[in-house]
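>>> could you work out the structure for the sequence below:
(chains A, B and C)
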Amino acid sequence: MNVLRAVLWKDLLIEWRSRERSVAMLVFALLVVVILYLAAPPADTPEARAALPGMLWVAYIFAAVLGLNRAFALELDEDALTGLALAPADRGFIFLGKTLASFVLLLGVQAVTALAFGLAFGVNFAPVALPFAGVAALGALGICVVGTFCSAMAIRTRYREAMLPLLMLPLLLPILLGAVRATDALLNGEALPGLALQLLLVSDGVFTIVCYLGFDAVLDE
Amino acid sequence: MLNVFDATSPIARAPAARLTSVLCIGLFPAWAFAVFNAPIDSFQGVIQKILYIHPPLAFGAYLGFICTALFGALYLWKREPRFDHWALSAAEVGVLLCTLMLLTGPIWGKGTWGRWWTWDLRLTLTLLLYFVYVSYLLLRAFSEGSERAARFAALYGILGLVVVPLNRFAIELSGGRALHPANLNPGDDQLGAGMTSPFVLGVLLVFACFAWLLVRRYELCRLREAVLLQEAESEREDAWAT
Amino acid sequence: MSSADNARASQAATPALSLRARGISRRFGARVALHPLDMELSAGGALAVLGPNGAGKSTLLRLLAGLMRPTSGVIEIGDGGGLNRVARRAAIGLVGHESFNYRALTLRENLELAARLHGLADVRARAGQSLAKLGLAGFAERRVADLSHGLQRRLAIARALLHEPRLLLLDEPTSGLDPRAAARLGEHLRERATTTGAACVLVTHDLNFAAALSQQALVLVRGHACALPEAALADAATLAQACSAAVARLEAAA
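Residues are numbered from 1 along each chain as shown, chains lettered A, B, ... in the order given. Next comes the predicted model:
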């Protein structure tokens, strides 16, 4: 737990100093929203509305890939990752600390992006703000868990940043599908679908446990 | 250069490779004969005969992915390169069989359903699994240092299998209609008269091919390592000579 | 958390620590970085590892630090079967090639992070003490990115000493240090050895430093090791002679 808190504090402090990651993620997500708007202007047909949740989550996942890549790039300067690996504790806590730091950043980016998305496509998130925040958080957690784990490996391959989406996207289907279904229901004024929430919760849980257990082997040369 | 199909190569001379190649050569004509003689399906027509190769390819592909994850786990536990060699071999053979399966499936689909592809539960699941293990091979190709590549790939191969039940849940949720014919269980009377033996022979043939390719690929890994060892050895000697 | 606490508890109970390695080797694929070697170091002792570049010295340190698994052999740190992996990490301090510090953070923040990672109490005071010990107190609030190479090096040493490790693993600790700072580091290490019984493995090209500090020496050439007699460590000139003789012998043998 010490290690988790220390790593989280360190990542957020570094981010607070430079604001590199959050700004890059946010600008990128907003760009995606603008491009989606230009490519598929909002139309008031059921088909067009049905595509909106998927589009929103595409913007989220693009922003997440950008931010998650930086999460471990900064650990390679001065071999800081070795400094973390020397901590006398279960190395899974390093993983959880890094995951939570990315999670916090992604949550912020999601909130602003949702606002912009709502304005552009005429979606009103206000009546469902709280349940939507919950769904966004569950989705973001899963993305950050899988992304942090894959980023720790991808960054030490020859393709570095380019490798991360190849690794994480094939694994993220359950998270994205669950999140998109739940968002869809909320925007249609329906109750939260229990099955989609279950899928999100179970996937988050399974990925967190497996990645937590596996992280020691990522660092164990 | 080594030619994998050269019967005199050291890879082919490994006893296991010989045994499995004999099995393949023996099973192929029997299977072809049985398929040729099998009755033509009254409803689907001749295209139904894809049944004698498509599901067996699927079984082989799944077996390959399961072996990849299992050998990956063994590698992480024991850290012996041979487990990694088995895992890599199984992944490559699995991806090969899966490619063939994804090619034969649409031919049948076009003939029977009238379209090449549908987002059916089993199709989607298999496609995702295919992507995971293609990424697995990419990860290996781009990782530096055989030890690191082995470790990362083992972890990723395990994650790839863990995600299968989650994907299943997800696709069912999204209303993936089960268009794909159900599993064939022995004992069920789903196969018409005269269709069982070519099907069983098909499964045996694919499994024999799987074993043959796996063994030869594994031998290739071993030989490659031996060559690298020799090169490293002679480099050392050169370095000392100067 | 509890594992780190346990580690600290056992540290308090047994301050001194010995190291024993039997037949440890490491390969990277086909390349052999380190051929099987034995080494032994008792509490309070210091062992110098000498040899040309690419000899496997840093690999040896990473193996001892538990950052890498040996391909064969066992490393025991502590008596009676040795410490487990986590406790071993609590007991060692490593100065590596690179500083392990974050350039965007200040010196104090970097040390506070290290203290938190080690689960130490009173993080701020520990960081302050450690900075003062290496003459860095005046730079505490400066960012690492603004420091000279030599000062960054000192910060790396401060970080390694922060949790009072019982076994120090130093990779070229004097590179980038001015002679006075190097001399002070030497004094500090000797003092720690006598008061707390901390042992030290020292990889270095600085023969003065090695001769002044260590009681044992190991020469590594292309992964092959050979121990030097204790007499070779009398002074830097003797050590230089013994070392080059050992290098020549190892090269001839291989």
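
>>> which parts of chain B are helices?
B:15-37, B:54-78, B:81-112, B:121-142, B:146-173, B:196-241 (DSSP state H).

>>> all helices of the chain, in order?
No chain was given, so I picked chain A. Counting by DSSP H, chain A has these helices, from start to end: A:2-18, A:20-39, A:46-76, A:80-85, A:92-121, A:129-154, A:163-168, A:173-187, A:194-219.

>>> my bad, chain C
According to DSSP H, the helices that chain C contains are C:2-13, C:57-64, C:85-91, C:107-117, C:123-133, C:149-161, C:179-196, C:207-213, C:236-253.

>>> buried residues in stretch A:104-117?
Within stretch A:104-117, the residues that qualify as buried by neighbour count (16 or more other Cβ atoms under 10 Å in any protein chain shown) are A:104-106, A:109-110, A:113-114, A:116-117. Quick note: C-beta positions are derived from backbone N, CA and C, even for glycine.

>>> count of residues packed around residue 20?
Because you didn't say which chain, this covers chain A. Residues contacting A:E20 under the criterion other Cβ atoms under 10 Å in any protein chain shown number 14.

>>> let's do chain B instead
21.

>>> can you put the helices of chain B in TSV and add distance to chain A and mean pLDDT?
Shown next, in TSV, are these (distance: least, Cβ to the nearest Cβ, whole Å; pLDDT from 0 to 100):
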stretch	distance to chain A	mean pLDDT
helix B:15-37	30	86
helix B:54-78	5	93
helix B:81-112	13	91
helix B:121-142	4	90
helix B:146-173	4	88
helix B:196-241	18	84
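
>>> can I get the ones you listed in a markdown table including distance to C:G29?
Output for these, formatted as a markdown table (distance: least, Cβ to Cβ, whole Å):
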| stretch | distance to C:G29 |
| --- | --- |
| helix B:15-37 | 24 |
| helix B:54-78 | 14 |
| helix B:81-112 | 9 |
| helix B:121-142 | 13 |
| helix B:146-173 | 4 |
| helix B:196-241 | 6 |
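
>>> quick one: closest of these to C:V144.
helix B:146-173 (27.9 Å; Cβ to Cβ).

>>> got the angle for the closest one vs helix A:194-219?
Between the axes of helix B:146-173 and helix A:194-219, defined by axes from the mean of the first three to the mean of the last three Cα atoms, to 10 degrees, the angle is 180 degrees.

>>> buried stuff in helix B:146-173?
Buried, per 16+ other Cβ under 10 Å, within helix B:146-173: B:146-164, B:166-171, B:173.

>>> cool, stretch C:94-106 as well?
C:94-96, C:98-106.

>>> then stretch A:28-38?
A:28-30, A:32-33, A:36-37.

>>> now swap in stretch C:118-125 and tell me
Within stretch C:118-125, the residues scored as buried using 16+ other Cβ under 10 Å are C:118-120, C:123.

>>> of those, which are in range of chain A?
Subset of the buried residues of stretch C:118-125 in contact with chain A: C:118-119, counting by Cβ under 8 Å from any Cβ of the partner chain.

>>> re the thing from before, out of the helices of chain A, nearest to C:D178?
Among the helices of chain A, if distance is taken as Cβ to Cβ, the winner is helix A:80-85, at 24.7 Å.

>>> now do the same end-to-end measure for stretch B:135-151.
Chord length of stretch B:135-151, first to last residue, is 15 Å (Cα to Cα, to the nearest Å).

>>> just give me how far that stretch sits from the chain centre.
Offset of stretch B:135-151 from its chain centre (Cα atoms, centre = their mean, to the nearest Å): 19 Å.

>>> if I look at the residue nearest to B:P39 when sequence neighbours are not counted, how far off is B:F207?
Once flanking residues are discounted, B:P39 sits nearest to B:G194: 4.9 Å by Cβ to Cβ, 6 or more residues apart in numbering or on different chains. As for B:G194, its distance to B:F207 is 22 Å (criterion: Cβ to Cβ, to the nearest Å).

>>> more crowded one of these two?
B:F207 (18 against 11).

>>> got the contact list for the nearest residue to that one once chain neighbours are set aside?
Leaving aside its sequence neighbours, B:F207 sits nearest to B:G60 (Cβ to Cβ, 6+ apart; 6.5 Å). B:G60 sits next to B:93-94, B:97, B:206-207, B:209-210 when contact means Cβ atoms under 8 Å, 6 or more residues apart in numbering or on different chains.

>>> and the buried residues of helix B:146-173 near chain C, which?
Within the set of the buried residues of helix B:146-173, contact with chain C (Cβ under 8 Å from any Cβ) is found for B:146-147.

>>> residue of chain C nearest chain A, please.
Per Cβ to the nearest Cβ, C:F100 is where chain C lies closest to chain A, at 3.0 Å.

>>> what sits against B:V163?
A:170-171, A:173-174, B:128, B:132.

>>> which parts of chain A sit against chain B?
Residues of chain A that fall close to chain B, judged by Cβ under 8 Å from any Cβ: A:149-150, A:153, A:156-159, A:163, A:166-167, A:169-171, A:173-174, A:177-178, A:181, A:195-196, A:199, A:202-203, A:206-207, A:210-211, A:214, A:217-218, A:220-221.

>>> burial measure for whatever residue of chain A ends up closest to chain C, as a count.
Per Cβ to the nearest Cβ, A:G83 is where chain A lies closest to chain C, at 3.0 Å. By other Cβ under 10 Å, the residues close to A:G83 number 24.

>>> model confidence score at the closest residue to it other than its chain neighbours, please.
Nearest non-adjacent residue to A:G83, counting by Cβ to Cβ, 6+ apart: C:F100, 3.0 Å away. C:F100 is assigned a predicted lDDT (pLDDT) of 92.

>>> C:F100 contacts A:D79, doesn't it?
Yes. With contacts counted by Cβ atoms under 8 Å, C:F100 reaches A:D79, the gap being 5.9 Å.

>>> list the contacts of residue 133.
Chain wasn't specified; assuming chain A. Per Cβ under 8 Å, 6+ apart, neighbours of A:A133: A:A111.

>>> my question was about chain C
C:158, C:161, C:188.
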